[in-house]
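Enquirer: Structure of the sequence below:
(3 chains)
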Amino acid sequence: MNSCQEAQSDLEVILEFLEEYHRQNAENTGVQDNPTGEDDDTWEQCWEPHGEALIPCGPLAAPREASYASVTTRKLSKQQTTEAGSGRKMRLFHFLFEMLEDPGMAHCVSWVPSSSSSSGVFRFSAHNKDQLAALWGQRKGNKRPMTYQKMSRALRNYARSGEIVKVKKKLTYQFGESTLMLLHKHHRGEL
DNA sequence: TCACGCGGGAGAGATA
DNA sequence: ATATCTCTCCCGCGTG
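Expert: Numbers count the residues shown, from 1 in each chain, chains lettered A, B, ... in the order given. Here you go, the predicted structure:
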């Protein structure tokens, strides 16, 4: 099994676990999915990478370590445990998803229509891609200006984990299936 | 030939 | 001090 396949299967396992846990949590405790509404801050605090996948760290954080360990044997890294706390930096694909969900940013980056509405394929505008990159640089608080070239390099790093893969088309990338599902769920406030 | 997007290596910065 | 993760920077290659 290569790293991408491994990551993909991990994501699937995690997703199944989250769905099951979420069902139980809703039934047993009556905890609201998203009682306060979502904003950028909660967004950052409720997700954390887990090895090659994403797992929530908000309301699910407490039982996560024990329960999740039964699902996968992959250990939590130092940074991952750190990020369960507050003040975690936003990751690039979170930012991109946010931009994709913002109609006002459609001139910079947009979903690519396809037969499957949830394909997760998106494309940068050839004219405004650097504007989006600059925004990312600002969000990160970089001293030097971010460019599309540098941002796309970071995007391609996600290919190793399967979170985002490169599509063989100019300026076009695709969210991993499970990553996209989790992002959508969170965006709808289901996690 | 040239511009542009892409891919890889190396290293910086943050954190435990 | 060390290890790990996530970018960031730079350089070279392929393509139209």
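Enquirer: if I pick A:Cys108, what's in contact with it?
Expert: Counting by C-beta atoms under 8 Å, 6 or more residues apart in numbering, A:Cys108 touches A:99, A:124-125, A:128-129, A:131-132, A:135. In this view, the C-beta of every residue, glycine as well, is placed from N, C-alpha and C.
Enquirer: which of the residues you listed has the most neighbours?
Expert: Using other C-beta atoms under 10 Å as the neighbour criterion, A:Phe124 leads the contacts of A:Cys108 with 24 neighbours.
Enquirer: Quick check: beta-bridge partners of that residue?
Expert: A:Val109 (DSSP bridges).
Enquirer: Can you give me the pLDDT of it?
Expert: If you check A:Phe124, the pLDDT there is 93.
Enquirer: now it: how far from DNA strand B?
Expert: Applying C-beta to the nearest atom of the strand, to the nearest Å, the value for A:Phe124 to DNA strand B is 8 Å.
Enquirer: if I read this right, that residue contacts A:Val109, doesn't it?
Expert: Yes. In terms of C-beta atoms under 8 Å, A:Phe124 counts as a neighbour of A:Val109; the distance is 5.1 Å.
Enquirer: got any residues that touch both of these two?
Expert: Contacts common to A:Phe124 and A:Val109, judged by C-beta under 8 Å, 6+ apart, are A:Leu132.
Enquirer: Show me the contacts of A:Cys108 that map onto helices.
Expert: Secondary structure from DSSP state H places A:99, A:129, A:131-132, A:135 of the contacts of A:Cys108 in helices.
Enquirer: Any idea which helix or strand in chain A has the lowest mean pLDDT?
Expert: Lowest on mean pLDDT, DSSP states H and E among the helices and strands of chain A sits helix A:61-71, with a mean of 31.
Enquirer: Give the ranges of residues in chain A that sit below the confidence cut-off.
Expert: A:1-89, A:115-118, A:189-191 (pLDDT under 70).
Enquirer: again, only using 50
Expert: Along chain A, the parts satisfying pLDDT under 50 run over A:1-11, A:13-87, A:117.
Enquirer: and stretch A:174-191 with DNA strand C, contact?
Expert: No. Remark: stretch A:174-191 sits outside contact range of DNA strand C, by C-beta under 7 Å from any atom of the strand, the gap being at least 11.8 Å.
Enquirer: Just the buried positions in that stretch, please.
Expert: Using 16 or more other C-beta atoms under 10 Å as the test for burial, stretch A:174-191 gives A:174-183, A:185-186, A:191.
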